[in-house]
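Engineer: Below: sequence and its predicted model.
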Amino acid sequence: GFALFSSWSYGRLGTLAARKGQYAADPRFAVISTRQAIVAILIYAFMIHGLGLPAYWYDLTAFRTIPTLLAFAFVLLFLTLLVIVWNCAHPSYRRLYDPRVERRDYIATNIRMSVPIIIPWLAMSLVADIIFALPFHWPKQILSSTEGMVAYFLLFLVTVALAAPVVVQRMWGCYPLEEGVYRERIQALCRRAGVRYRNILYWPLFGGRMLTAGVMGIVHRFRYILVTDALLKTLEPDEIDAVIAHEIGHVRKHHLLFFMFFLAGFMLAFFSVQGLVVYLILTIKPLFFFVISLNLTQTTILYIYSLTFLVFFLLYFRFLFGYFIRNFERQADIFVYTLFDSARPMISTFQKITATSGQAPDKPNWHHFSISERVAYLAKCEGDRRWIARHNRKVRNSLVAYGLGLLMICTLGYQFNFGQIGQNVEARLVEERLVLEEEYLRLEIEKRPDNAELYSLLGDNQYSQEDYAATAAIYEKALALDPANAHVLNNLAWLYATSADERIRNPSRALELARRAVEIEPDSAHILDTLAETYFVNHQFTQAVEYARQALAAANEPKDHYRQQLDRFQQARRTP
């Protein structure tokens with residue numbers, strides 16, 4: 001169905017191009033491609049979350065041990081959806097832009113351009129999986145914390161930023177530019193600008209028929225200058241110089257380093273904002289009541305968190321990152337004046353790109369100004385060179401503003417998450433949350449007095465507030481409504497077994513409740529641990545040791561608590 005819908009969507013472009021011309025169909029091609037990518041994401045989300053497909057495979061040992069393998073399998077599923085889009089888009093692409101591009105080359109190029117985006121994430125996830133699979137506790141503890149995950153991400157980001165170009169150029173099928181006039185000209189221009197690099201490569205983008213160039217690599221040891229065959233064959237020598245000067249401008253203005261900075265800034269800002277959002281939810285009473293009324297499960301909360309991350313990511317890169325990358329491109333355009341007296345070869349290059357690409361010169365683009373806008377700005381610089389300094393000043397001031405804003409957000413985030421302010425606020429918010437939660441639950445119980453789950457939640461709330469007498473009474477009410485609630489059975493058994501208040505302690509009742517809980521959930525480590533504790537307080541040490549061993553075997557990391565329990569019970573059994 002998705003393939004048919006995609007084919008129909010692109011098929012209508014032929015009619016539009018015949019009726020209104022190529023320039024009218026060009027922006028429509030971009031709109032359809034974006035829409036089909038979004039539909040692919042929605043279908044993929046339905047497969048993952050609606051149908052729950054990963055759950056059918058997670059029990060396989062390989063996927064359970066290394067979850068990244070399962071993630072990779074489903075990345076291939078998403079890539080299949082994108083291949084459907086590219087396959088349907090190919091006839092329209094040939095008609096609008098380049099009839100020489102074969103279907104296989106078109107799809108393969110899109111895959112090669114997309115895969116490098118996925119590889120760093122897969123590598124980072126795979127390394128994390130290996131760390132969690134190793135029998136060492138402290139690396140797992142570090143990665144399980146927010147600050148540890150942020151530090152791990154930043155370390156991985158630096159590693160990828162430095163080494164990725166070596167891998168990417170191979171995946172793209174790049175190969176060295178042969179010795180000759182073109183290579184010598186590019187080399188001379190780089191020496192003149194003081195830019196070092198590892199190699200100059202042919203970039204076989206859509207068979208090398210796109211008129212473009214590029215540069216990748218932050219450090220010179222891993223830096224590559226890329227040119228297409230069409231660029232060298234179509235442009236005059238001074239126009240090629242202008243294009244290479246543009247790429248040199250990216251290097252000299254440190255744009256690639258700033259891109260890494262923006263990516264790191266995204267992660268820091270997102271994790272910092274989390275604490276502020278939680279603070280707002282817990283301090284605005286109507287909002288808190290609304291959130292708690294949703295009765296969200298842990299899985300649902302994870303999905304909402306993932307969706308929030310995705311929305312924040314899209315907004316951040318579409319608007320903030322998009323703003324900077326557009327202005328960086330303009331800054332690279334005007335860098336031509338650093339090496340040459342005029343940008344007219346650059347202007348004529350843009351005109352040739354318009355003539356050969358089939359794209360409208362005023363076509364909008366989130367990461368570039370349109371060709372018309374770029375030509376117009378260079379024309380203004382030709383007439384008045386003060387526009388060059390004006391734009392450089394704009395970029396510099398924008399970077400300073402971004403840095404100050406990020407510093408303020410991260411400072412607030414740190415204070416709310418780790419600082420003294422955060423500790424004070426957290427203590428107060430925990431109290432306020434429990435009070436608000438109790439108020440909400442009691443209101444709901446008045447409406448639904450026979451709902452056992454509400455009593456269970458209220459019992460948990462009272463336990464957190466250390467009102468143990470009220471906790472016991474509420475849990476007993478919950479069991480009267482639902483005798484098979486393992487959560488309530490377990491918590492009430494623990495309360496009766498361990499309470500410091502002698503008026504509440506009831507070892508025999510605790511043992512009865514714990515046995516019933518284990519009958520319902522026999523493989524749950526914390527429930528087995530409660531049963532072991534109830535045997536211990538009833539002085540049945542052999543049974544306590546037996547169930548403590550079962551709890552330790554059933555527990556996931558960390559197991560320290562269960563080991564300490566087993567040691568305590570074994571010591572009691574040995575003591576006369």
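Structural biologist: Noted; the coordinates are in hand. Numbering: from 1, shown residues only.
Engineer: all contacts plus neighbour counts: C-alpha atoms, from now on.
Structural biologist: Fine.
Engineer: Break down the stretch 1-150 of the chain into its helices, ranges please.
Structural biologist: Listed in chain order, the helices of the stretch 1-150 of the chain (DSSP state H, counting those that start in this stretch) span 2-20, 22-45, 61-65, 67-96, 103-133, 137-144, 146-171.
Engineer: mean confidence score for the third one?
Structural biologist: Helix 61-65 shows a mean pLDDT of 73.
Engineer: picking up where we left off before, could you dump the helices of the stretch 1-150 of the chain to a markdown table with distance to Gln331?
Structural biologist: Putting the helices of the stretch 1-150 of the chain into a markdown table (distance: least, CA to CA, whole Å) gives the following:
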| stretch | distance to Gln331 |
| --- | --- |
| helix 2-20 | 35 |
| helix 22-45 | 26 |
| helix 61-65 | 47 |
| helix 67-96 | 30 |
| helix 103-133 | 25 |
| helix 137-144 | 39 |
| helix 146-171 | 22 |
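Engineer: would you list those in TSV and tack on mean neighbour count and distance to His367?
Structural biologist: Output for the helices of the stretch 1-150 of the chain, formatted as TSV (neighbours: other CA atoms under 10 Å; distance: least, CA to CA, whole Å):
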stretch	mean neighbour count	distance to His367
helix 2-20	15	24
helix 22-45	17	14
helix 61-65	14	38
helix 67-96	18	21
helix 103-133	16	16
helix 137-144	14	34
helix 146-171	16	20
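Engineer: Quick one: closest of the ones you listed to Asp384.
Structural biologist: Distances from Asp384 to each of the helices of the stretch 1-150 of the chain were compared using CA to CA; the minimum, 31.9 Å, belongs to helix 22-45.
Engineer: what's the angle between that closest one and helix 67-96?
Structural biologist: In terms of direction (axes from the mean of the first three to the mean of the last three CA atoms, to 10 degrees), helix 22-45 departs from helix 67-96 by 160 degrees.
Engineer: chain center to helix 22-45, what's the gap?
Structural biologist: Taking the mean of its C-alpha atoms, helix 22-45 sits 22 Å from the chain's own mean (CA atoms, centre = their mean, to the nearest Å).
Engineer: which other residues reach it?
Structural biologist: Identification of contacts with helix 22-45 by CA atoms under 8 Å, 6 or more residues apart in numbering yields 6, 9-10, 13, 16-17, 78, 81-82, 85, 89, 92, 96, 358-360, 363.
Engineer: Low-confidence stretches in this protein?
Structural biologist: Residues of the chain meeting the criterion pLDDT under 70: 23, 146-147, 275-276, 278-285, 287-307, 416-433, 557, 576.
Engineer: ranges for the strands of it?
Structural biologist: Listed in chain order, the strands found in the chain under DSSP state E are 175-176, 199-202, 213-216, 224-227.
Engineer: of these, which approaches Leu434 most closely?
Structural biologist: For Leu434, the closest of the strands of the chain is strand 213-216, at 52.7 Å, according to CA to CA.
Engineer: Who are the packing partners of that closest one?
Structural biologist: Helices and strands in packing contact with strand 213-216 are listed as strand 224-227, helix 237-252; criterion 3 or more CA pairs under 8 Å, 6 or more residues apart in numbering; DSSP states H and E.
Engineer: To Ala123, which of the ones you listed lies closest?
Structural biologist: In terms of CA to CA, the element of those nearest to Ala123 is strand 224-227, at 22.4 Å.
Engineer: circling back: ranking the helices and strands packed on strand 213-216 by burial, who's on top?
Structural biologist: When neighbours are counted by mean count of other CA atoms under 10 Å, the highest per-stretch mean among those falls to strand 224-227, a mean of 24.
Engineer: Quick check: chain neighbours aside, which residue is closest to Tyr58?
Structural biologist: In space, and not counting its chain neighbours, Tyr58 is closest to Arg64: 5.6 Å by CA to CA, 6 or more residues apart in numbering.
Engineer: typed the wrong thing, it's Ile325
Structural biologist: Of all residues beyond its chain neighbours, the one nearest Ile325 is His367 (5.7 Å), with distances taken as CA to CA, 6+ apart.
Engineer: one step back: state the distance from the residue nearest to Tyr58 to Tyr56.
Structural biologist: When distance is defined by CA to CA, to the nearest Å, Arg64 is 12 Å away from Tyr56.
Engineer: do Leu531 as well
Structural biologist: Computed as CA to CA, the Leu531 to Tyr56 distance reads 32 Å.
Engineer: of those two, who's got more company?
Structural biologist: Neighbours around Leu531 and Tyr56, counted as other CA atoms under 10 Å, are more numerous at Leu531. The numbers are 29 against 9.
Engineer: Go ahead and confirm that one touches Ala544.
Structural biologist: Yes. Judged on CA atoms under 8 Å, Leu531 makes contact with Ala544 at a distance of 7.5 Å.
Engineer: Identify the residues contacting Ser125.
Structural biologist: By CA under 8 Å, 6+ apart, the neighbours of Ser125 are Thr68.
Engineer: I'd like the distance from it to Ile131, if you could.
Structural biologist: Distance of Ser125 to Ile131, given as CA to CA: 10 Å.
Engineer: And for Glu178?
Structural biologist: Relative to Ile131, Glu178 is positioned 44 Å away (criterion: CA to CA).
Engineer: Likewise for Phe258?
Structural biologist: Distance, Phe258 to Ile131, by CA to CA: 30 Å.
Engineer: Alpha carbons of stretch 145-163, in PDB - could you do that?
Structural biologist: What follows is stretch 145-163 as a C-alpha-only set of coordinates in PDB (Å, rounded to 0.1, in the frame of the first residue of the first chain):
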ATOM      1  CA  SER A 145      23.600   7.700  35.100                       C
ATOM      2  CA  THR A 146      22.600  10.700  33.100                       C
ATOM      3  CA  GLU A 147      25.900  12.500  33.500                       C
ATOM      4  CA  GLY A 148      27.700   9.200  32.600                       C
ATOM      5  CA  MET A 149      25.700   8.800  29.400                       C
ATOM      6  CA  VAL A 150      26.300  12.500  28.400                       C
ATOM      7  CA  ALA A 151      30.000  12.100  29.000                       C
ATOM      8  CA  TYR A 152      30.000   8.800  27.000                       C
ATOM      9  CA  PHE A 153      28.100  10.500  24.100                       C
ATOM     10  CA  LEU A 154      30.500  13.500  24.000                       C
ATOM     11  CA  LEU A 155      33.600  11.200  24.100                       C
ATOM     12  CA  PHE A 156      32.100   9.100  21.200                       C
ATOM     13  CA  LEU A 157      31.200  12.300  19.300                       C
ATOM     14  CA  VAL A 158      34.800  13.500  19.400                       C
ATOM     15  CA  THR A 159      36.000  10.100  18.300                       C
ATOM     16  CA  VAL A 160      33.600   9.900  15.400                       C
ATOM     17  CA  ALA A 161      34.100  13.500  14.300                       C
ATOM     18  CA  LEU A 162      37.900  12.800  14.000                       C
ATOM     19  CA  ALA A 163      37.800   9.400  12.400                       C
END
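Engineer: ok now it, how far from the chain's centre?
Structural biologist: If you compare the mean C-alpha spot of stretch 145-163 with that of the full chain, they lie 13 Å apart, counting by CA atoms, centre = their mean.
Engineer: contact partners of that stretch?
Structural biologist: Outside stretch 145-163, the residues within contact range by CA under 8 Å, 6+ apart are 120, 124, 142-143, 217-219, 222, 260, 264, 267-268, 271.
Engineer: Same list, these, but as a markdown table with distance to Lys380 please.
Structural biologist: What follows is these, written out as a markdown table (distance: CA to CA, whole Å):
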| residue | distance to Lys380 |
| --- | --- |
| Pro120 | 41 |
| Met124 | 46 |
| Ile142 | 54 |
| Leu143 | 52 |
| Gly217 | 32 |
| Ile218 | 31 |
| Val219 | 34 |
| Phe222 | 36 |
| Met260 | 31 |
| Ala264 | 35 |
| Met267 | 38 |
| Leu268 | 39 |
| Phe271 | 42 |
